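Colleague: Got a sequence here, can you model it:
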Amino acid sequence: MAATVHLLDTTPAVNLQIEPVIKAAGASVSSLYHFFADFRELVETAQVVRFSRFVDVNVGLLTTIVNKSRTPQELRAGLSQVTRSSHTPEMRHLRMDRIEAINATAGNPRMTEALGAEQLRLTRALAELVGTLQTRGWMRPDLDPMAASVLIQAYTLGTVVNDVSPEQMDPEHYYVMIDLLVEHVFGLSQAPWDPPPKA
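Modeller: Here you go, the predicted model:
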């Protein structure tokens, strides 16, 4: 598993072959089939492991920003900094990695179930952070936390369409739009809001 996860740093999952994995792991083909139904299951599991790491790192980063922020202005500054770090080669690679894992779910119930559990974990974790901000009165209380979570993921992952374009947008223009989204759609520029009513 560790060898497969590592090889996916440099080889797209669709191009990964069994021989390099077996060689890197110092294992045998028979040992692979002892733990996995087929080679694709090993690759899919490695993709889910990589996706899980992404979830842990990003949720941890955003949780730290939320917990350290004492004012909506501090929060906006922290979120703006995260947005502005999204156009590095490493972040482009992570976006492609996520897209490749999501694409592997097409017509594949096994991968859909495995990756879906991690995707739900990410969505719920971000929704919980949204709920925290609503409780503080820093975010519009009328927004559904799960819907806000999906929107956040959509605009962070969505720049993959720019990553593959031969003519790149100016990232600064995108940052301005995300800042406006955070401030005016999520309502951080109008804070404090009255907390949402308790159910």
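Colleague: Just give the nearest non-adjacent residue to Ile22, would you?
Modeller: Val29 (6.1 Å; Cβ to Cβ, 6 or more residues apart in numbering). C-beta here means a position set from N, CA and C on the backbone, and glycine is covered the same way.
Colleague: Now do the host helix or strand of Val5: distance to the chain's middle.
Modeller: Assigned by DSSP states H and E, Val5 belongs to helix 2-7. Chain-centre distance of helix 2-7: 20 Å, with Cα atoms, centre = their mean, to the nearest Å.
Colleague: same check, this time on stretch 20-31
Modeller: On Cα atoms, centre = their mean, the centre of stretch 20-31 falls 30 Å from that of its chain.
Colleague: residues in contact with it?
Modeller: Applying Cβ atoms under 8 Å, 6 or more residues apart in numbering, the contact partners of stretch 20-31 are 2-4, 6-7, 11, 18, 32, 39, 42.
Colleague: which one in the residues you listed is the model shakiest on?
Modeller: On pLDDT alone, Leu32 ranks lowest of those, at 90.
Colleague: C-terminal to the helix holding Val5, which secondary structure element comes first?
Modeller: Immediately after helix 2-7, counting by DSSP H and E, sits helix 18-25.
Colleague: helix or strand right after that following helix?
Modeller: Assignment by DSSP H and E places the next element after helix 18-25 at helix 29-35.
Colleague: quick one on the thing from earlier: got the contact list for the helix holding Val5?
Modeller: Against helix 2-7 from outside (Cβ under 8 Å, 6+ apart): 16, 20-21, 24-25, 27, 42-43, 45-46, 49-50.
Colleague: So for the helix or strand of the chain with the lowest mean pLDDT, what gets flagged as buried?
Modeller: In the chain, no helix or strand scores lower on mean pLDDT, DSSP states H and E than helix 29-35, which sits at a mean of 90. With burial defined by 16 or more other Cβ atoms under 10 Å, the residues of helix 29-35 counted as buried are Leu32.
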